[in-house]
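I'd like to go over a predicted model; first the sequence, then the structure.
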Amino acid sequence: MYTPPMFKPDRAASLAFAQTRGFGLVCAWDGAKPIASSLPFYLTFADDGTPRAAFHVARHNPLVKLAGGTGSWLLALTGADAYVSPDWYVSPDQVPTWLYEAVHLTGPVRTLSDDELAEQIDTLSAKFEDWLLPKKPWTSSKMTVARLDTLKKAIVGLVMTVEEVEGSFKLNQHKSDADHTAIASALMQRPDEAAQTIGKQMVALRPQLDYNPPAPVGVPAD
């Protein structure tokens, strides 16, 4: 991942982003072309602190045949993103740009045993059921044993040993305070949630600044 120094988060921030996001694009190389699937996952950590990303795929997914534990895979995650118009800056001579957050995890992947897969299913569902609180969490115990066994046979558990963590949090960190507040204020007025999220993240970077909103974006000021 190419990341200019001003946009590069530290390792802890990148891993925290990955753990919170919990959904990404898993990519591997089959010798002739890339193979990819979008999958939910969760992170665990070995005793020495090495991150591990656990996920599963359908048994007939071509990724299964590539999980030999040697070749390096990529798990690419993206968060909110937003277009920035040059018209929103205070400073002149600006160009269009795109703000975003992204993290790449790379490392070898191996298959899980049946016992490890059972634990993974429960851990993965628990992670995302927590997002729905106060709803009572769903658990695999709600299924009949026969049905659960049938579904488990249709998937293969996989785990990546994360050897490299890369991140790019492009939030206009290199811009002046005046331009920072102008862009953050404009984004927070956009109707789409992603733009608002990026705007709020920019505010969190420089909370001491004044973010009095200008006229709504696209509407001339008086």
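Everything's here; your move.

what helices or strands is the longest strand anywhere in the chain leaning on?
Determined from DSSP state E, the single longest strand within the chain is strand 97-111. With contacts taken as 3 or more CB pairs under 8 Å, 6 or more residues apart in numbering; DSSP states H and E, strand 97-111 sits against helix 11-21, strand 72-84, strand 155-161, strand 164-170, helix 193-205. All C-beta spots, glycine's among them, are computed from the backbone N, C-alpha and C.

go again using 6 Å as the cut-off
Contacts defined by 3 or more CB pairs under 6 Å, 6 or more residues apart in numbering; DSSP states H and E place strand 97-111 against helix 11-21, strand 72-84, strand 155-161, strand 164-170.

Can you list the neighbours in contact with the longest helix seen in the chain?
Longest helix of the chain, by residue count under DSSP state H: helix 114-129. Residues outside helix 114-129 that contact it (CB atoms under 6 Å, 6 or more residues apart in numbering) are Tyr42, Ala54, Pro137, Trp138, Ser140, Gly157.

Leaving out chain neighbours, which residue sits closest to the first one?
In other words, Tyr42. Lys127 (5.0 Å; CB to CB, 6 or more residues apart in numbering).

Identify the residue nearest the geometric centre of the protein.
By CA atoms, centre = their mean, the mean C-alpha position of the chain lies nearest to Leu77, the distance being 3.5 Å.

which residues does that one bridge with?
Val103 (DSSP bridges).

Use 827 as the first number from now on
Taking 827 as the first residue, the last one we looked at is Leu903.

Can you list the low-confidence ranges for this structure?
Along the chain, segments meeting pLDDT under 70 span 895, 1038-1048.

run the last query once more with 80
In the predicted model of the chain, residues 895-896, 1038-1048 satisfy pLDDT under 80.

starting at the chain centroid, how far to stretch 1016-1031?
Centroid displacement of stretch 1016-1031 relative to its chain, using CA atoms, centre = their mean, to the nearest Å, is 16 Å.

which residues are contacting it?
The contact list for stretch 1016-1031 (CB under 6 Å, 6+ apart) reads Ala906, Asp907, Ala908, Leu925, Leu997, Ala1010, Leu1013, Met1014, Tyr1037.

Check stretch 865-878 too.
Taking CB under 6 Å, 6+ apart as the rule, stretch 865-878 contacts 841, 845, 848-849, 852, 879-881, 950, 953, 985, 987-988.

Go again with 7 Å.
Residues from elsewhere that reach stretch 865-878, judged by CB atoms under 7 Å, 6 or more residues apart in numbering: 841, 844-845, 848-850, 852, 879-881, 883, 949-950, 953-954, 985-988.

quick one: buried residues of it?
Leu865, Phe867, Tyr868, Leu869, Pro877, Arg878 (16 or more other CB atoms under 10 Å).
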